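**Q** One predicted model, sequence on top.
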Amino acid sequence: MIAIGLPAGAFLAVTVVGFVNRWGSSAWGAYGTWFTGVATFAAVIVALVQTRVARREADEARQAAAAERDRAEAQFRQELKAADERLARELDSARRIEQIKTIPPIWDVIGELNLLYPGLVAALKEAPGLPRTQESAAELMRVFGPWMNCSHRVEMAFSQAMMMVSEPLVLEAISELYEDTRTLHSLMISAANEAVAAQIDPDLTEFDKLMASIRSRRKSITALVREHLAVVGPLDYEKFGKSDPLAPKER
């Protein structure tokens, strides 16, 4: 604007001077040539200024676009990271839930063993004095049969848990419990052979101790599952009194 204003002001001033002094054609011709040069120079200056302004505005636009692109990319990366973390948490939670689901069936079948246990012990103690008849055999099978079937379900319950559980401490505790149930079954077979085949009073001391140990493992394994799989606080048994609230119910 200044480049345009100065030639225009000079033109008006010189025109007034020429008019007052009554310039001739030669003076006006020289003046026109001079003014044309000044106007051309002003036009070049204006073009250069406009070019510089346009270049600066283009640079600013590119910088603004780059900054906006960087901001958008940073926001996208942040949102993608948050989505990945959320998906990882959801998948981890789903895996934990699937692992937890395999634990209750173990206690269900151990609860069944616990209910069958008194009758089995009584039958083992009575077997040496029973006559070797079909009736005695049928009576013993009414006790031994359900125990054997339940032992098979114990194997199936542990198989599922040991395939699914990956948390080391929980898996270790379940594996130890599984080995104890297998030992319990072996002790039962040995006691049955002594009582039925050899007709001698079986020694049930280890049998009783192991069954008591299996029962007592419920609280410790429940605590491990709550801490490492469910990720919740410990169970307050005092709210339920001294008895185990998870103990199998009488059927």
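**A** Now that the structure is in, tell me what you want to look at.
**Q** Beyond the top helix by length along the chain, next helix or strand please.
**A** In the chain, with assignment by DSSP state H, the single longest helix is helix 25-101. Remark: after helix 25-101, the chain's next helix or strand is helix 103-126, criterion DSSP states H and E.
**Q** Name the residues of that next one that are buried.
**A** Going by neighbour count (16 or more other Cβ atoms under 10 Å), the buried part of helix 103-126 is 103, 105-107, 109-114, 116-117, 120-121, 123-124. C-beta here means a position set from N, CA and C on the backbone, and glycine is covered the same way.
**Q** How about the contacts made by Gln99?
**A** Counting by Cβ atoms under 8 Å, 6 or more residues apart in numbering, Gln99 touches Met164, Val165, Ser166, Glu167, Val170, Leu229.
**Q** Go through those residues and name the one nearest Ala43.
**A** Ser166 (80.8 Å; Cβ to Cβ).
**Q** Now do the same for the closest residue to the closest one other than its chain neighbours: its pLDDT.
**A** Of all residues not flanking Ser166 in the chain, Gln99 sits nearest, at 6.8 Å (Cβ to Cβ, 6 or more residues apart in numbering). pLDDT recorded at Gln99 is 91.
**Q** same check, this time on the one 3 residues further on
**A** At Thr102 the predicted local distance difference test score is 93.
**Q** what about it, neighbour count?
**A** For Thr102, the count of nearby residues is 18 (other Cβ atoms under 10 Å).
**Q** ok, it - contacts?
**A** Contacts of Thr102 by Cβ under 8 Å, 6+ apart are Ala157, Gln160, Ala161, Met164, Val165.
**Q** Buried only: go through those residues for me.
**A** Buried among the contacts of Thr102 (16+ other Cβ under 10 Å): Ala157, Ala161, Val165.
**Q** right, and the last one touches Ser175 too?
**A** No: using Cβ atoms under 8 Å, Val165 is not in contact with Ser175, being 9.2 Å away.
**Q** Tell me how the chain divides into domains.
**A** Following automatic domain parsing, the chain resolves into domains at 2-87, 102-240.
**Q** Which of those has the lowest mean pLDDT?
**A** Among the domains of the chain, domain 2-87 scores lowest, at a mean of 72.
**Q** Centroid-nearest residue for the chain?
**A** Arg89 (2.2 Å; Cα atoms, centre = their mean).
**Q** Model confidence for that one, exactly?
**A** Arg89 is given a pLDDT of 85.
**Q** mind listing what it touches?
**A** Per Cβ under 8 Å, 6+ apart, neighbours of Arg89: none.
**Q** How much space separates it from His185?
**A** Remark: distance between Arg89 and His185 (Cβ to Cβ, to the nearest Å) = 41 Å.
**Q** what does Ala74 give?
**A** 62 Å.
**Q** Repeat that for Trp147.
**A** 9 Å.
**Q** So which of the buried ones among the contacts of Thr102 sit within helices?
**A** Using DSSP H, the buried ones among the contacts of Thr102 in helices are Ala157, Ala161.
**Q** Quick check, Ile100 in contact with His228.
**A** No: in this structure, Ile100 is not within contact of His228 by Cβ under 8 Å, at 10.3 Å.
**Q** one step back: quick check on Ala74 and His185: which one has the bigger neighbour count.
**A** Neighbours per residue (other Cβ under 10 Å) separate Ala74 from His185, with His185 holding more: 18 against 10.
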